[in-house]
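**Student:** mind folding the following:
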Amino acid sequence: MSTCAPSLSEIECQQMLENFVRQRGDKGAKLLSSLQRYIQYCTYKLQPLSQADQQEVLQEVALKLLSKHSQVQTNCAGWLFTIVRNEYIDHLRRQIQQVQTLVESPNGDLIALEASYAVTTPNPENLFLETDCLEHVFQHIEQQITGVEDMQIYTAYALGNSNEEIAAQTGRSTGAIAKRLSLLRERVRQLRQALC
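**Tutor:** Below is the predicted model of the structure:
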């Protein structure tokens with residue numbers, strides 16, 4: 001997998017955006033496909049999101065494009081990627097804020113636990129440090145002989161694909177995928193300890 005975001009030519013990008021906004025030609029199908037690739041890139045580089053969360057990000061980005069498409073002057077692909085990346089990060093932040101601990105009250109009801117800020121609320125700076133750490137880990141893995149294929153397998157796993165689905169995508173057996181994922185999870189754990 002590439003270490004840089006997918007790119008589009010300026011004319012191609014402008015045309016895809018126009019087709020999406022005006023519902024002409026392919027009605028934005030190519031644009032949505034490119035946006036999905038950008039989201040997958042963010043999943044690989046930042047922090048994995050489930051398929052449902054990725055669809056949510058895609059929908060939010062599509063709404064923003066409809067309302068802000070007139071703002072793009074030059075570097076359409078960079079503008080699109082920035083919108084996707086920012087929405088992806090916003091989605092991660094919203095997920096962190098939604099984390100709650102429920103406890104049983106004396107009368108048997110479940111209530112949200114009011115704990116100290118330092119204990120239950122993740123620090124955004126720590127999230128960025130963790131993201132940085134994971135980026136170093138994945139770059140290290142990708143530089144190995146089987147790194148590109150390993151990252152494709154690990155990314156498919158992070159996206160919630162089953163071992164059978166990954167095996168079908170890669171042409172390997174389900175057992176080989178299970179073994180490779182086990183080794184990759186252990187390698188990620190070791191590299192996080194060594195590099196972070």
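**Student:** only C-alpha atoms for contact and neighbour calcs from this point on.
**Tutor:** Fine.
**Student:** the helices in this structure, which residues?
**Tutor:** Using DSSP state H, the helices of the chain run over 10-22, 29-45, 51-68, 76-97, 117-120, 124-142, 147-158, 163-170, 174-195.
**Student:** which one of these lies closest to Asn107?
**Tutor:** helix 117-120 (24.3 Å; CA to CA).
**Student:** what separates the closest residue to Asp26 other than its chain neighbours from Tyr88, distance-wise?
**Tutor:** Nearest in space to Asp26, with sequence neighbours left out and distances taken as CA to CA, 6 or more residues apart in numbering, is Asn19 at 6.6 Å. Going from Asn19 to Tyr88 by CA to CA, to the nearest Å gives 24 Å.
**Student:** give me the more crowded residue out of these two.
**Tutor:** Tyr88 (26 against 18; other CA atoms under 10 Å).
**Student:** so what's the more buried one closest to, chain neighbours aside?
**Tutor:** Tyr88 sits nearest to Val57 (CA to CA, 6+ apart), 6.2 Å away.
**Student:** before we move on, what's the pLDDT of the residue of the chain positioned farthest from its centre?
**Tutor:** Most distant from the centre of the chain: Asn107, at 41.2 Å, with distances by CA atoms, centre = their mean. Asn107 carries a pLDDT value of 73.
**Student:** equivalent analysis for the one 5 residues further on, please.
**Tutor:** On the pLDDT scale, Ala112 is placed at 63.
**Student:** related to what we said a few turns ago, residues in contact with the residue nearest to Asp26?
**Tutor:** Going by CA atoms under 8 Å, 6 or more residues apart in numbering, Asn19 touches Gly25, Asp26, Lys27, Gly28.
**Student:** tell me how far the first one lies from Met16.
**Tutor:** Using CA to CA, one gets 9 Å for the distance from Gly25 to Met16.
**Student:** more crowded one of the two?
**Tutor:** Met16 (24 against 12).
**Student:** touching, the more buried one and Lys30? I think so.
**Tutor:** Yes: using CA atoms under 8 Å, Met16 makes contact with Lys30 at a distance of 6.4 Å.
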